[in-house]
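>>> okay, here's the prediction I keep looking at, along with the sequence it came from:
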Amino acid sequence: MSPSHSPPAPMRERPALRRHRRTKIVATLGPASSSPEMIAALWHAGADVFRLNFSHGSHEDHAARLEAIRALEKRAGRQIAVLADLQGPKLRLGVFRGGKVQLQQGQTFRLDLSPVPGDTRRVQLPHPEIIHAARIGSTLLIDDGKVKLRVAKVRPDHLECEVVVAGAISDRKGVNVPDVTLPIPALTEKDRRDLDFALQRGVEIVALSFVQRPEDVAEARALIDGRAWVMSKLEKPSALEQLDEIVAQSDCVMVARGDLGVELPPENVPLVQKRVVKACRRAGKPVVVATQMLESMIAAPTPTRAEASDVATAVFDGADAVMLSAESAAGAYPREAVAMMDRIVARVEADPTFREILEATRSPPERRSADAIVAAARQVAHTIGARAIATFTMSGSSALRMSRERPEAPILGLTPREETARRLCLAWGVYPIVTADAHSMSEAVAKSVRIAAQEGFAQSGEEIVVIAGMPFGTSGTTNALRIATMP
């Protein structure tokens, strides 16, 4: 039995809440990580959020994984977030006679609506929206950019293209249109069925693919209606033109570098990553950096040095979370990949440069009382060397505001709502705990002191900072700060 597939040790006591890092880890589940034993192993190795990729697998597959996560959560007594990642529209060519053709640079190639199998001169493009939206000079990328076409003529039922980058094309290869905003909704009929399934099963976060405009996010928000956080996946260049508006409509954001890397020049992707992370940090919205982070660990037990540096860069940028895709879903070393990412993140955060960069890139607080309180809490905690900042939160907004400040002290997100605690598993530096709401500031302080001691965050004589809102039990009222000394 390989190390990856050995079962975790049985849980004899409640696992420690505290990780040795503030940046969270999202692990995708798949064929290599579907058993309850492997899911538990990934969580023990450091996974904070589990991603269900609805581009693959059946509802039965995802239901079984979700059941295993909830059973693990119950045994561990710790909240775990589940992210349902919707597939979104898939733009593909038709088929060829013989299944494959070779295109030559400079030749003319037609994309039309006819379902007749294609040849070296033409093939079906069963998406009239692309034909109607394209302009002379528009670029079409086939098979993740392996073949590149430029539109030379636009007709009502077809596009005449010039082959710019030659290569082989086979049946139903994907099509990307990087420089055109397509009149295609972000949610397909499949997505709507998957969304209904995910919401009925109580997932915490729904990731929306193919976001091009703020209206795409607004449509999903209306359907979800507060039952889960809406995560916008930024994978289309057109979305970057309205980045702030899309971030404002979203609860959280993913930098989907795989698709961005197809539609943008590779040298632009790192700059886009930094821009998106900065925009999300400024808005106080959790942001995930995803795709190919430890790609070589699909087949190898260790990453390349470049991959380790890539993870480190995302952490230095201040991302809330970093994500594993095929590494944990289909690779030979899923547990090792999570453990390696955990080690890299912890090592980066322990370096003095990490704190210097965070301080230099921290956005000023908004001109609101709640933001003034969390900014003060960060400064007070720094001045007195507080061991933790306890924040009482109903919806999670107070904890997210505190996370936006990137304090040195860990954040205890205390909430009476289990769904809020689960969602906060994605937020930088937040340790979510389900507890009954306090009814007074003195009760809030006493509860915070007790939990900080129980969970090992502070010892006798040390200090913690407590923030809350009065009246208690009302969302969005953060207006009180206290310093408490541990008995």
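Now that the structure is in, tell me what you want to look at.

>>> from now on I want contacts and neighbour counts done on CA atoms only, so please keep to that.
Fine.

>>> can you pull the contacts of Pro365?
Asp371, Ala372, Ala375 (CA atoms under 8 Å, 6 or more residues apart in numbering).

>>> residues in contact with Val230?
Contact partners of Val230, counting by CA under 8 Å, 6+ apart, are Ile205, Val206, Ala207, Leu208, Val217, Ala220, Arg221, Ile224, Ser250, Asp251, Cys252.

>>> picking that back up, can I get the contacts of Pro365 in a markdown table with neighbour count, distance to Thr23 and secondary structure?
A markdown table is the format used below for the contacts of Pro365 (neighbours: other CA atoms under 10 Å; distance: CA to CA, whole Å; DSSP: H, G, I helix; E, B strand; the rest coil):
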| residue | neighbour count | distance to Thr23 | secondary structure |
| --- | --- | --- | --- |
| Asp371 | 20 | 22 | helix |
| Ala372 | 16 | 24 | helix |
| Ala375 | 21 | 20 | helix |
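
>>> got the contact list for the residue lying closest to Pro31 once chain neighbours are set aside?
Closest residue to Pro31 apart from its sequence neighbours, by CA to CA, 6 or more residues apart in numbering: Ala330 at 5.6 Å. Counting by CA under 8 Å, 6+ apart, Ala330 touches Gly30, Pro31, Ala32, Ser33, Ile298.

>>> top of those by number of neighbours, please.
Ser33 (26 neighbours; other CA atoms under 10 Å).

>>> ok, the nearest residue to Pro117 once chain neighbours are set aside to Leu111 distance?
Residue nearest to Pro117 in three dimensions, not counting chain neighbours: Phe96, with 4.6 Å by CA to CA, 6+ apart. Counting by CA to CA, to the nearest Å, the gap from Phe96 to Leu111 is 12 Å.

>>> and for those two, which residues touch both?
Val123.

>>> next, format the contacts of Pro365 as a markdown table and append pLDDT and distance to Arg482.
Formatted as a markdown table, these follow (pLDDT from 0 to 100; distance: CA to CA, whole Å):
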| residue | pLDDT | distance to Arg482 |
| --- | --- | --- |
| Asp371 | 92 | 16 |
| Ala372 | 93 | 14 |
| Ala375 | 95 | 13 |
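
>>> among those residues, which one sits closest to Thr302?
Checking the contacts of Pro365 against Thr302 with CA to CA, the nearest one is Ala375 at 40.0 Å.

>>> and that closest one, what does it touch?
By CA under 8 Å, 6+ apart, the contact set of Ala375 is Pro365, Met402, Glu405.

>>> Asp179 now?
Ser138, Thr139, Pro237, Ser238.

>>> between those, which is nearest Glu349?
Pro237 (31.0 Å).

>>> in the stretch 301-450 of the chain, which spans are helices?
305-317, 326-329, 334-350, 352-360, 369-384, 397-404, 418-423, 441-454 (DSSP state H, counting those that start in this stretch).

>>> ok, now the stretch 51-200 of the chain?
Along the stretch 51-200 of the chain, counting by DSSP H, counting those that start in this stretch, helices occupy 59-76, 128-133, 189-200.

>>> right, and Ala133 touches Val177 too?
No: look at Ala133 against Val177 with CA atoms under 8 Å: they stay out of range, at 9.9 Å.

>>> contacting residues for the residue lying closest to Ala290 once chain neighbours are set aside?
Among residues not flanking Ala290 along the chain, Met323 sits closest, at 4.8 Å (CA to CA, 6+ apart). Met323 makes contact with Ile25, Val26, Ala27, Thr28, Val288, Val289, Ala290, Thr291, Met293 under the criterion CA under 8 Å, 6+ apart.

>>> swap in Val116?
Contacts of Val116 by CA under 8 Å, 6+ apart are Val123, Gln124.

>>> mind giving me the domain split of this protein?
3-88+186-351, 100-176, 369-485 (automatic domain parsing).

>>> drop anything exposed from the contacts of Val230.
With neighbours counted by 16 or more other CA atoms under 10 Å, the contacts of Val230 contain buried members at Ile205, Val206, Ala207, Leu208, Val217, Ala220, Arg221, Ile224, Ser250, Asp251, Cys252.

>>> surely Asn479 is in a strand?
Yes: under DSSP: H, G, I helix; E, B strand; the rest coil, Asn479 sits within a strand.

>>> count of neighbours near it?
If we define neighbours as other CA under 10 Å, then Asn479 has 16 of them.

>>> my guess is it contacts Phe472, does it?
No: in this structure, Asn479 is not within contact of Phe472 by CA under 8 Å, at 10.5 Å.

>>> quick one: which of the contacts of Val230 sit in helices?
Val217, Ala220, Arg221, Ile224 (DSSP state H).

>>> reformat those residues as CSV; add pLDDT and distance to Met486.
Below are the ones in helices among the contacts of Val230 laid out as CSV (pLDDT from 0 to 100; distance: CA to CA, whole Å):
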residue, pLDDT, distance to Met486
Val217, 97, 45
Ala220, 96, 45
Arg221, 97, 42
Ile224, 97, 42
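
>>> which one of these is nearest to Ala47?
Checking these against Ala47 with CA to CA, the nearest one is Ile224 at 25.4 Å.

>>> show me the contacts for the closest one.
For Ile224, the contact set (CA under 8 Å, 6+ apart) comprises Leu199, Val230.

>>> same check, this time on Leu414
For Leu414, counting by CA under 8 Å, 6+ apart, the contacting residues are Ala390, Thr391, Phe392, Thr393, Ala421, Pro432, Ile433, Val434, Thr435.

>>> returning to what we had before: can you add mean neighbour count, distance to Arg417 and mean pLDDT and give the helices of the stretch 51-200 of the chain back as JSON lines?
Shown next, in JSON lines, are those (neighbours: other CA atoms under 10 Å; distance: least, CA to CA, whole Å; pLDDT from 0 to 100):
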{"stretch": "helix 59-76", "mean neighbour count": "17", "distance to Arg417": "15", "mean pLDDT": "97"}
{"stretch": "helix 128-133", "mean neighbour count": "17", "distance to Arg417": "44", "mean pLDDT": "95"}
{"stretch": "helix 189-200", "mean neighbour count": "17", "distance to Arg417": "17", "mean pLDDT": "98"}
